[in-house]
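Asker: Fold the following.
(4 chains)
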Protein chains: 2
Amino acid sequence: MGGKDTRARIVEAAMELFWEKGFSSTSIADILSRSQVNSGSLYHFFPGKQDVLLAVLEGYRDGIDEMLLGPAWNGIDDPVERVFALLALYRRLIVETECQYGCPIGSIALELHDADPIIRQRLAENFTGWVDAVEACLRSAEGRFRPGTDYRALAEMALNVMEGGVMLSRTFRDVAPFDRAVAQYRAYLDALIEKEAAL
Amino acid sequence: MGGKDTRARIVEAAMELFWEKGFSSTSIADILSRSQVNSGSLYHFFPGKQDVLLAVLEGYRDGIDEMLLGPAWNGIDDPVERVFALLALYRRLIVETECQYGCPIGSIALELHDADPIIRQRLAENFTGWVDAVEACLRSAEGRFRPGTDYRALAEMALNVMEGGVMLSRTFRDVAPFDRAVAQYRAYLDALIEKEAAL
DNA sequence: GTCTATAAAAGGATAGAC
DNA sequence: GTCTATCCTTTTATAGAC
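Answerer: Below is the predicted model:
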């Protein structure tokens, strides 16, 4: 009954809808009907639609451990394998949605062409959080990579591979492009590791 | 005066607008005003907005040589360098637009969440054309790569690197992520080539 | 904080004369 | 093929009682 509950329902509904239909294609009416909230309540908590998006992006940012990394890394200890476990989670999402999955952050990042600076900031924070997590994994397996390895760039590469793979798999309605992308990334890491071993 | 001219003006205006603002955020009125065409004429040539998008995507697909590959490869003969020249063209676009550039195909692929099969087909054709061109480059430098190299996957990797790099550079308003992505791709190709040399 | 009703504008698309 | 006028729906947002 508290207002907090209502606000949370709005954000949760918007999270789902923005992911399913995108930001522009989701109407306030859609959010109201899914969250079972009336117009007056929504505008009591949020000045406008953009502010709902802001809250959604903050939700993703603050929930990355619980919503994404935790589930992905459950039972996986090896830091490099954690990177691939994260990618495997996306693969599962692709398969579960019959190849309609889109990364909610990436989709919004490309959908909004003249996003408010504050929105862009939140998108950037989401990407940064993701890359930070992957970088930490790679860096904690430091011994395996050759000295001078650019862990930041390597972690960003994982993001690029994921985003590109998701984009292609959705367009072709086929997991194969995603799988090929991950396989290439694996081959790249292996090359960096083998190289070291060969010295 | 011929209708052909009008149709072309509409498609050209829509191409620009979809790229600048996205599909959903571009209104028919926007297209009419930029192309200096009246409502009646547009609906004479196209049943609806989606059909304009279809024509735009066919324009990109059919114009890849003239609009993209030709300019990118002007004066570049080495097939592997052509891949990087293509990526360098995107870099130029990023810089010229002060990091607001988005790949027109990738943006639409992520913006439309339940695209008509025919639209998805056109998006797929665009990606396929791009990857085909890069694959042909890599394959024609076959001697340099180790036997058993998956040229298709390697070419798709170039696309993923480009799309991911563009996404990050736009979000962070900074070319650096794009540059890092390309540098990693270069390092990967080098690793595949050096490896061969080492055998 | 929540409810209903509604304003105010923008959107896609059509009609019918020329 | 092109023109103007306009219909109809959707959309964001507000008003004001409770």
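Asker: Now do the helices in chain A.
Answerer: A:3-21, A:28-35, A:39-45, A:49-62, A:70-73, A:79-96, A:104-111, A:117-139, A:151-172, A:176-198 (DSSP state H).
Asker: Adding distance to residue B:111 and mean neighbour count, write these out as CSV.
Answerer: Bear in mind the C-beta positions are built from the backbone N, C-alpha and C, glycine included. Putting those into CSV (distance: least, Cβ to Cβ, whole Å; neighbours: other Cβ atoms under 10 Å in any protein chain shown) gives the following:
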stretch, distance to residue B:111, mean neighbour count
helix A:3-21, 11, 18
helix A:28-35, 17, 17
helix A:39-45, 24, 14
helix A:49-62, 15, 19
helix A:70-73, 27, 16
helix A:79-96, 18, 18
helix A:104-111, 5, 25
helix A:117-139, 15, 19
helix A:151-172, 11, 25
helix A:176-198, 19, 18
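Asker: Reformat these into CSV and put mean pLDDT and distance to chain B next to each item.
Answerer: Formatted as CSV, the helices of chain A follow (pLDDT from 0 to 100; distance: least, Cβ to the nearest Cβ, whole Å):
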stretch, mean pLDDT, distance to chain B
helix A:3-21, 94, 5
helix A:28-35, 98, 13
helix A:39-45, 98, 21
helix A:49-62, 98, 12
helix A:70-73, 98, 19
helix A:79-96, 98, 12
helix A:104-111, 98, 4
helix A:117-139, 98, 5
helix A:151-172, 98, 3
helix A:176-198, 89, 4
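Asker: Arrange these in TSV, one row each, with distance to DNA strand C as further columns.
Answerer: Output for these, formatted as TSV (distance: least, Cβ to the nearest atom of the strand, whole Å):
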stretch	distance to DNA strand C
helix A:3-21	2
helix A:28-35	9
helix A:39-45	2
helix A:49-62	13
helix A:70-73	30
helix A:79-96	30
helix A:104-111	15
helix A:117-139	19
helix A:151-172	23
helix A:176-198	31
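Asker: Looking at those, spot the one closest to residue B:38.
Answerer: With Cβ to Cβ as the criterion, residue B:38 lies closest to helix A:104-111 of the helices of chain A, at 29.6 Å.
Asker: Can you spell out which helices and strands pack onto that closest one?
Answerer: helix A:3-21, helix A:49-62, helix A:117-139, helix A:151-172, helix B:104-111, helix B:151-172 (3 or more Cβ pairs under 8 Å, 6 or more residues apart in numbering or on different chains; DSSP states H and E).
Asker: how far out from the middle of the chain is the fifth one?
Answerer: Between the centre of helix B:104-111 and the centre of its chain there are 9 Å (Cα atoms, centre = their mean, to the nearest Å).
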